[in-house]
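Trainee: give me a 3D structure for the following:
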Amino acid sequence: MTVPSVPGVLTDAHVRQTAASIALAQEPSGAIPWSPGEHVDIWNHVEAAMGLLVGGEVDAAERALNWVPTMQRADGSWPIKIVLGEVVDDRGECNVSAYFAVGLWHHWLIRRDRSFVEQHWDSVRRGLDWVTSLQVPFGGIQWTPVDDLCLLAGGSSIFQSLRAGLALADLMGEAQPEWELAAGRLGHAVRNHRDLFADKSTFSMDWYYPVLGGAVRGHDGLDLLAQRWPDFVTPGYGARCVDHKPWITGAETCELVMALDALDDHDRALQLFTDMQRLRHPSGGYWTGVVYGDADQGDVFWPGNLETYTAAAVILAADALATTYGTGTAGAGIMRADSLPSVPDLPMECDCVLATSRR
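Mentor: Next up is the predicted model:
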């Protein structure tokens, strides 16, 4: 199968090596922890499976995706944190519980294996039904049933997951109008009511995820990124995790690369992707991040882990860029949402409707 490359930055052999580094961390069950011995969360696990698939590790990717339903609960949710098959945080998290839809749609785009989709469709359906049951009046979706807050980055990711779910539903011939309604309300909230989500504005994910998840695109997306570009981007390094610390993280940088690619801002995307290669380890894995600017110590990789989710983000970013600069896979547009259905903007119970009704 085609494995992407980005000329002058990563060869297809480099990408294969990075995928192999993820496979080395995979547990016998199929689970993929952040790094060996660390915990598993379903969102990053699915992202790692997507990276494996793009990098040519098909068997490992499918073992990873097959593992996901084994941890699903009767209500359709997944727990936040799992260590060696044991649940250590049993809260059901909506962002985590939605993302299987993206992983399964991505697998369909690349493999075109309908039987694999049919095998896991019920798990996706039950997960998204549970997620949409936790939507609040302004359109956001609660982080967990026991935490009374909605996260902007998480909600932006859920928006993508709902659209992937709708694409799968169309493939299966099972319309899901409730998901379309929920996605329309959520997209409206992400575009127009970001102040109603929990304030996590020190984190770069809250800055770029409305673009990456697909709710904010075009000129609005470019304007949104321009607002805080100096706060989060360090030339020559990449994107900071938080705005007040000199800590560049590989996963956030690669997600920003994919957000820029989705806005057709390919030059800046390629530059950031090139800059973050300083995090590459000879094994093909990637350090989580680098702390820069210390006059005595110089640049320091911190923490001292090669995280699977960082490696996966690198592979997915390479695939996205390869569409412009090389040859990508059939799943290269997963973050551009090329294959996902559009949903209407639905300001149903938020202040927009209340203001209109008072006129």
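
Trainee: just the strands in the protein please.
Mentor: 79-83, 86-92, 142-144, 147-150, 233-234, 238-239, 247-249, 289-294, 298-301 (DSSP state E).

Trainee: can you tell me which of these is nearest to Leu134?
Mentor: Among these, the nearest to Leu134 by C-beta to C-beta is strand 142-144 (4.4 Å). Any C-beta I mention is one placed from the backbone N, CA and C, and that applies to glycine too.

Trainee: just to revisit the earlier point, what's the most buried one of the strands of the chain?
Mentor: Of all the strands of the chain, strand 238-239 carries the top mean neighbour count, a mean of 28, counting by mean count of other C-beta atoms under 10 Å.

Trainee: contact partners of that one?
Mentor: 204, 208, 232-233, 248-250, 252-253, 256, 272, 275-276 (C-beta atoms under 8 Å, 6 or more residues apart in numbering).

Trainee: widest-spaced pair of those residues?
Mentor: Maximum pairwise distance in those, criterion C-beta to C-beta, is 15.8 Å, between Tyr208 and Asp275.

Trainee: who has more neighbours out of the two?
Mentor: Taking other C-beta atoms under 10 Å, Tyr208 and Asp275 do not tie; Tyr208 has more neighbours (26 against 20).

Trainee: helices - which of the contacts of strand 238-239 land there?
Mentor: If you go by DSSP state H, the contacts of strand 238-239 have 204, 208, 232, 250, 252-253, 256, 272, 275 in helices.

Trainee: re earlier: which one of the strands of the chain lies nearest to Leu52?
Mentor: strand 79-83 (18.3 Å).

Trainee: okay, now His219: neighbour count?
Mentor: Based on other C-beta under 10 Å, the number of other residues close to His219 is 9.

Trainee: I misspoke; the intended subject was Arg194.
Mentor: Quick note: Arg194 (other C-beta under 10 Å) scores 19 neighbours.

Trainee: could you do Pro28 as well?
Mentor: Count around Pro28 with other C-beta under 10 Å applied: 7.

Trainee: which pLDDT value goes with it?
Mentor: What the model reports for Pro28 is a pLDDT of 98.

Trainee: Gly213 is nearest to which of the strands of the chain?
Mentor: That would be, of the strands of the chain and by C-beta to C-beta, strand 147-150, which comes in at 13.6 Å.

Trainee: quick one: which of the contacts of strand 238-239 is nearest to Ile22?
Mentor: Nearest to Ile22 among the contacts of strand 238-239, with distances taken as C-beta to C-beta, is Gly250, at 13.4 Å.

Trainee: surely that closest one and His281 touch.
Mentor: No - when contacts are counted by C-beta atoms under 8 Å, Gly250 is not listed as touching His281 (10.7 Å).

Trainee: tell me, what's touching these two both at once?
Mentor: Joint contacts of Gly250 and His281 (C-beta under 8 Å, 6+ apart) are Trp287.

Trainee: which one's more surrounded, those two?
Mentor: Set Gly250 next to His281 and count neighbours by other C-beta under 10 Å: Gly250 wins out with 28 against 13.

Trainee: which secondary element of this protein has the worst mean pLDDT?
Mentor: helix 351-358 (a mean of 48; mean pLDDT, DSSP states H and E).

Trainee: which stretches of this protein have low pLDDT?
Mentor: 351, 353-359 (pLDDT under 70).

Trainee: pipe the strands of the chain into a markdown table and attach distance to Val6 per row.
Mentor: Output for the strands of the chain, formatted as a markdown table (distance: least, C-beta to C-beta, whole Å):
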| stretch | distance to Val6 |
| --- | --- |
| strand 79-83 | 33 |
| strand 86-92 | 37 |
| strand 142-144 | 35 |
| strand 147-150 | 36 |
| strand 233-234 | 19 |
| strand 238-239 | 15 |
| strand 247-249 | 19 |
| strand 289-294 | 20 |
| strand 298-301 | 22 |
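
Trainee: do you know which of the ones you listed lies nearest Ala320?
Mentor: The nearest among those, by C-beta to C-beta, is strand 238-239 at 15.4 Å.

Trainee: quick check: Leu224 touching Val211?
Mentor: Yes - the criterion here is C-beta under 8 Å, and Leu224 meets it with Val211 at 6.2 Å.
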